[in-house]
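>>> Test case, fold it:
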Amino acid sequence: MAQKEREPDLPSGLDINDLDPSVLQDLKVLSKDNAERVAQHMLMATDLLEDDPKLALEHARAAKNRAGRVGVVRETAGVVAYRAGEWKEALSELRAARRMSGGPGLLAVMADAERGLGRPQKALELGRSPEANELDEAGKIELAIVLAGARHDLGQHDSALATLQRMNPSLDSQGFEQVRLSYAYADALLATGQRGEAKTWFEHAAKIDTDGFTDAAERAAELD
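Modelled structure (predicted):
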């Protein structure tokens, strides 16, 4: 009871149906009242993630404390911890989620958390794990971006570039993952002294980044 009294407040009027139906399905292993409360905390964790990651993490922890054996709850706790900069907690939760749910899990997030802990070699080890081969195309791109970052951390800029080249970046590409890949590729080109090529790829990233997710346009302008 004391533990639940420490939970962050929930506003009235939350509609748990705003969560993905698959999440609600996974919560059906819980009692009805508990499932609803867990869903509300998960909804708040998601809604607060951009503006208040620390409070979002409190909600994610509250959900985990109520439903620690539900994989999607642990995964959410891991992602929120990652966004809040709690790298160790993120790794612990994401490993637990992967054990429960099977599959590769959020390998790129786990690898980036290792980087956050100052362990780029550990990130590279995750990239060589059997689970890396199980990722879908988007997951492989995200992991490659993180692994390239780990190579940069180690001062291995040529290896970072080679890591991204294996993802076959294209100036005809479209979509969110390709924005991220093109931007990372441009960054790696710049790190290896290829300013002209880097400018081309920053310009491409800016062109397909219709939501303004990156500062690719500014980065390109800096290379004029």
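>>> make it CA atoms for all contacts and neighbour counts henceforth
Will do.
>>> which residues of the protein fall in helices?
For the chain, the helices defined by DSSP state H occupy 2-5, 21-26, 32-48, 53-66, 71-83, 87-101, 107-116, 120-127, 137-153, 157-165, 176-191, 195-208, 216-222.
>>> closest one to residue 11 among those?
Judged by C-alpha to C-alpha, the one of the helices of the chain that comes nearest to residue 11 is helix 32-48, at 9.0 Å.
>>> Count the residues that sit near residue 71.
The tally of other residues near residue 71 (other C-alpha atoms under 10 Å) stands at 23.
>>> pLDDT score for it?
Looking at residue 71, its pLDDT is 96.
>>> Quick check: it touching residue 100?
Yes - under the criterion of C-alpha atoms under 8 Å, residue 71 makes contact with residue 100 at 5.4 Å.
>>> rank the helices of the chain by mean pLDDT and give me the bottom one.
helix 2-5 (a mean of 54).
>>> Pull up the gap between the residue nearest the centre of the chain and residue 91, please.
Residue closest to the average C-alpha location in the chain (C-alpha atoms, centre = their mean): residue 109, at 4.5 Å. Counting by C-alpha to C-alpha, to the nearest Å, the separation of residue 109 from residue 91 is 8 Å.
>>> do the same with residue 29
Counting by C-alpha to C-alpha, the separation of residue 29 from residue 91 is 25 Å.
>>> more crowded one of these two?
Using other C-alpha under 10 Å, the more surrounded residue of residue 29 and residue 91 is residue 91, with 24 against 13.
>>> For that one, give me its contacts.
Residues touching residue 91, when contacts are defined by C-alpha atoms under 8 Å, 6 or more residues apart in numbering, comprise 78, 110, 113, 114.
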